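J.: whatever this is, show me its structure:
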Amino acid sequence: MKEISVQELKDWQTQGKDFQLIDVREDFEYEMSNLGGELIPLGGILIEDDKIEKEKPVVLMCRSGRRSAAAVMQLEQHGFSNLYNLHGGILAWQQEVDPSMTIY
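T.: Numbers count the residues shown, from 1 in each chain. From the prediction side, this is the model:
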């Protein structure tokens with residue numbers, strides 16, 4: 001599984017790289033704090049896979065990286081090959097990029 005660090009993600013954002021960010025957490029987690037990605041909770045990831053780009057890099061994220069890793073594995077079994085798991089999730093983002101972020 002391909003992974004991306006929070007610093008690499010921040011660099012992609014700063015550079016204006018064309019990619020899609022998918023947050024697989026639940027609604028209440030997303031409402032508290034998010035990185036601006038599209039919310040598709042893990043339970044519906046295969047149902048809503050038509051919302052996920054196939055022609056550009058896609059970063060999947062969650063709280064710690066576990067749920068997004070599960071999402072990457074599920075989607076790769078359905079033909080996706082452009083996916084990256086955000087290593088450490090939003091917790092790593094808080095620790096390494098934005099300590100002021102409140103996380104559930």
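J.: and Gln95, how close does it get to Cys62?
T.: 15 Å (Cβ to Cβ, to the nearest Å). Placement of C-beta: from N, CA and C, glycine included.
J.: buried set for stretch 40-55?
T.: Across stretch 40-55, burial judged by 16 or more other Cβ atoms under 10 Å covers 40-42, 45, 49, 52.
J.: which residues touch it?
T.: Under the contact criterion Cβ atoms under 8 Å, 6 or more residues apart in numbering, stretch 40-55 has outside partners 20, 22-27, 38, 58, 62, 67, 70-71, 74-75, 78, 80, 82.
J.: one step back: mind putting the buried residues of stretch 40-55 in TSV, distance to Gly88, pLDDT and secondary structure included?
T.: Shown next, in TSV, are the buried residues of stretch 40-55 (distance: Cβ to Cβ, whole Å; pLDDT from 0 to 100; DSSP: H, G, I helix; E, B strand; the rest coil):
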residue	distance to Gly88	pLDDT	secondary structure
Ile40	20	98	coil
Pro41	19	98	coil
Leu42	17	97	helix
Ile45	20	97	coil
Asp49	24	96	helix
Ile52	21	98	coil
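J.: make JSON lines out of the residues you listed and add distance to Leu91.
T.: Formatted as JSON lines, those follow (distance: Cβ to Cβ, whole Å):
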{"residue": "Ile40", "distance to Leu91": "20"}
{"residue": "Pro41", "distance to Leu91": "18"}
{"residue": "Leu42", "distance to Leu91": "16"}
{"residue": "Ile45", "distance to Leu91": "20"}
{"residue": "Asp49", "distance to Leu91": "26"}
{"residue": "Ile52", "distance to Leu91": "23"}
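J.: cool, thanks, talk later.
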